[in-house]
Every structure is written in C-alpha cells, then in structure tokens.
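> let me see the structure of the following:
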Amino acid sequence: MNPPSFHNRIRKVGALVTATLILPALAFVVVSLSFSAQAAEKKKVMGTHKSGPVISHTVVPLGPGDDPKHELVVLEIHRDNTTSSDPDFNEAEHIAYEQGDQVAGTGTHRGYYRNLHKNGDTDYGSYEGTVKTTFKEDGSWETTTWEGTIKVIGGTGKCKNIKGSGTYRGKATAEGAFTEFEGEVEY
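Numbers count the residues shown, from 1 in each chain. Modelled structure (predicted):
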C-alpha cells in the first residue's frame, strides 16, 4: 500500500464522517439552541386599573315603549392608569372602547382595549362581561360592580406576538372606581 494514498483515504473517511455525522449533529445543536432562545415566555400578570376620565359616552336614544331605565351605549371611551407588580405592565395607560346594554345599570358590556406601556410598546385585546348596579332605599345610586373575561390579541415591540387570557372584576362607588385583572400571557 502506498503511504500517500492511505493518508488520502483516511482524510476522505474523516471528511465523510464529519460530513455525515458531526456536521448534522452540530447543526441540530445550533438549531435547538436558537429555538430555545426563541421559546415563548409565559407569565402570570395581575394588577389594577384605576378609572380615569370618560373621554366619550354615546347612547342610542330610547325607542317608543322602551323601558325609561334602558341605556344602549354605542361607544364609551375611558382612560385608566395601571398599577402592577409586573414591571412590563406597571404604569401602563389603559384605554377602553366599550359598548353596553343595561337596564337601571345592570346588563352586559363588551369592548376592546389598548395598553400603552412605559417603554412605548402596546398590547391590545377584547373583553366582555356583566355589570350590576345597586341602589339605596331612597333610589339613589350606591355601587356598580362588573366582571368578565379578557382575550389578549397582539401588540407592538416586545408584545408583538403576545397572546393570552384572563379575568377582571371591578367596583365603582362615590369614592372612585377600579378594576382588578389577572391572567396569563405568552410573548
């Protein structure tokens, strides 16, 4: 056997082993690591929206024979401030675009929201639920409570691919109004 051709064969076998075994294994490790780095971040989020000003409140006029306490809200826009232990959601500006169908302050509501985070990112979604108003014996307003479900749909920046769901519960009295929320999101 000629020594140079033996070494050439060994090099060819080495190249073949590298090409068929080592390179695919290395590629698998690199791809696996890149998927791990891109894996979705899941986390629980909770906080409170302190009700801010109502920006707009548009109601459909009552029809003939309708209950005088019936209110069909075509659009209400309100701005709230968020407090959360999660730094991504703390101090976010929450704007809700809502419709409601209520008699004497009790009924249903649904709408869409947009959160503007401190860093400029946004997330948005939809919500729907029920509302109930109680009155004092003299007929004056006492409290309004509400609850429902949230669906997180998307956003921008870090929230570009955000998805999730949750629940909310709120209360309004003469002292003010707030909504507590909790859920799970995935980036």
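> for the closest residue to T173 other than its chain neighbours, helix, strand, or coil?
Spatial nearest neighbour of T173, excluding adjacent residues (Cβ to Cβ, 6 or more residues apart in numbering): T143 at 5.2 Å. Bear in mind the C-beta positions are built from the backbone N, C-alpha and C, glycine included. Three-state call for T143 (DSSP: H, G, I helix; E, B strand; the rest coil): strand.
> domain parsing for the protein?
Using automatic domain parsing, the domain ranges for the chain come out as 1-39, 42-186.
> next secondary structure after the longest strand along the chain?
Counting by DSSP state E, the longest strand found in the chain is strand 42-60. For strand 42-60, the following helix or strand on the C-terminal side (DSSP states H and E) is strand 70-84.
> if we go by neighbour counts, what in stretch 124-140 is buried?
124-125, 127, 129, 131, 133 (16 or more other Cβ atoms under 10 Å).
> residues of stretch 57-77 that come out buried?
Using 16+ other Cβ under 10 Å as the test for burial, stretch 57-77 gives 71-73, 76.
> what is the end-to-end distance of that stretch?
7 Å (Cα to Cα, to the nearest Å).
> how far out from the middle of the chain is stretch 77-93?
12 Å (Cα atoms, centre = their mean, to the nearest Å).
> and for stretch 89-102?
For stretch 89-102, the separation from the chain centroid amounts to 12 Å (computed by Cα atoms, centre = their mean).
> CA atoms only for that stretch, dumped as PDB, please.
This file holds the C-alpha atoms of stretch 89-102, laid out as PDB (Å, rounded to 0.1, in the frame of the first residue of the first chain):
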ATOM      1  CA  PHE A  89     -47.400  46.400  32.900                       C
ATOM      2  CA  ASN A  90     -46.900  48.800  35.800                       C
ATOM      3  CA  GLU A  91     -47.900  52.400  35.000                       C
ATOM      4  CA  ALA A  92     -49.300  51.400  31.600                       C
ATOM      5  CA  GLU A  93     -52.000  53.700  30.200                       C
ATOM      6  CA  HIS A  94     -55.200  51.600  29.600                       C
ATOM      7  CA  ILE A  95     -57.700  52.900  27.100                       C
ATOM      8  CA  ALA A  96     -61.000  51.000  26.700                       C
ATOM      9  CA  TYR A  97     -63.500  51.300  23.900                       C
ATOM     10  CA  GLU A  98     -66.800  49.800  25.200                       C
ATOM     11  CA  GLN A  99     -70.400  49.100  24.300                       C
ATOM     12  CA  GLY A 100     -73.100  48.300  26.800                       C
ATOM     13  CA  ASP A 101     -76.700  47.200  27.000                       C
ATOM     14  CA  GLN A 102     -78.100  47.900  30.500                       C
END
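> right, I'll leave it there.
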